[in-house]
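Asker: Show me the folded form of this:
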Amino acid sequence: MRWVVLAGLLAGPAHAVACEDFSYQGRSYTSCTVDVAAEDLRLFLHDGSGDVLGSFSAIEDLPDVDKLSFAMNAGMYHEDRSPVGHYIENGQEAMRVITNAGPGNFGLLPNGVFCVNDQTAQVYETLDYDAKRPMCRDATQSGPMLVIDGALHPRFLPDSTSRNIRNGVGTTSDGSTAIFVISNEAVTFHEFGSVFRDHLKLPNALYFDGKISRLYASALGRSDFGFQLGPIVGVVNPAD
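Answerer: Numbers count the residues shown, from 1 in each chain. Below you'll find the predicted structure:
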């Protein structure tokens, strides 16, 4: 992954989303912590005309957005950038819940759903989500789960040689805080899941993607460029 520093973003007011670079077990990561009740955390896929946004800059062009504080890709997508799994945006369901196994990381069960409301955000294992059907203003399904009720995904191997840039999200048990993490170097699933379970002490965490993983963090002056994206999660300052 290549990323650039936007020098102009380094000056200005304090940023509400807390982003920081850190190391864990000799690997480099960046996290962004969001107070869900205090911030405008949303999912983004289409603009008002139904066109796929596809980039961080396109979000800031939306008429109801003044400024983007944080964003990252938020789930796997098809070639036309439509979501592979369940997707809800502003209360409108665009894709149903997928409960069956399938190819690729998405089908490495158990996978999960990231559910966002005005006051809370939670990561649910998919079958639990399907049974409970919680009310979600926004939701995105991805996989595999990284942490499930305090345990790493059972298929993660400590001695795995499969490494990639990876990104995902974990939530606190009360849903008040969502912590988004991207690796700054290639890591295994076991290493990445361990960050959420052992370093951040989060009970549940969900993998978003690898290879195309990208981060926008205005507090760090960081904006990653590359592939056009499907679903994006972000924190914005609404337009007046």
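Asker: partner residues bridging Tyr29?
Answerer: Phe22, Ser183 (DSSP bridges).
Asker: Around it, how many other residues sit close by?
Answerer: Neighbour count of Tyr29, defined by other Cβ atoms under 10 Å: 23. Every C-beta, even on glycine, is put in place using the N, C-alpha and C of the backbone.
Asker: Tyr24 too?
Answerer: Tyr24 has 18 nearby residues by other Cβ under 10 Å.
Asker: Identify the spatial nearest neighbour of it, chain neighbours not counted.
Answerer: Take Tyr24 and drop its neighbours on the chain: the residue closest to it by Cβ to Cβ, 6 or more residues apart in numbering is His199, 4.8 Å away.
Asker: so what's the backbone phi/psi at that neighbour?
Answerer: phi -90, psi -50 (degrees, to the nearest 10).
Asker: For Thr120, see how far away it is.
Answerer: Computed as Cβ to Cβ, to the nearest Å, the His199 to Thr120 distance reads 23 Å.
Asker: so what pLDDT did the residue nearest to Tyr24 get?
Answerer: Here the pLDDT value assigned to His199 is 98.
Asker: For it, the count of nearby residues, please.
Answerer: His199: 15 neighbours (other Cβ under 10 Å).
Asker: Roughly how far does it sit from Val147?
Answerer: 11 Å.
Asker: Count the neighbours of Gln228 for me.
Answerer: 12.
Asker: What are the contacting residues of the strand or helix carrying Val34?
Answerer: Per DSSP states H and E, Val34 falls inside strand 27-35. Contacts to strand 27-35, defined as Cβ atoms under 8 Å, 6 or more residues apart in numbering, come from residues 16-23, 41, 70, 72, 121, 176-185, 187, 191, 195, 200, 215, 217, 219-220, 222, 235.
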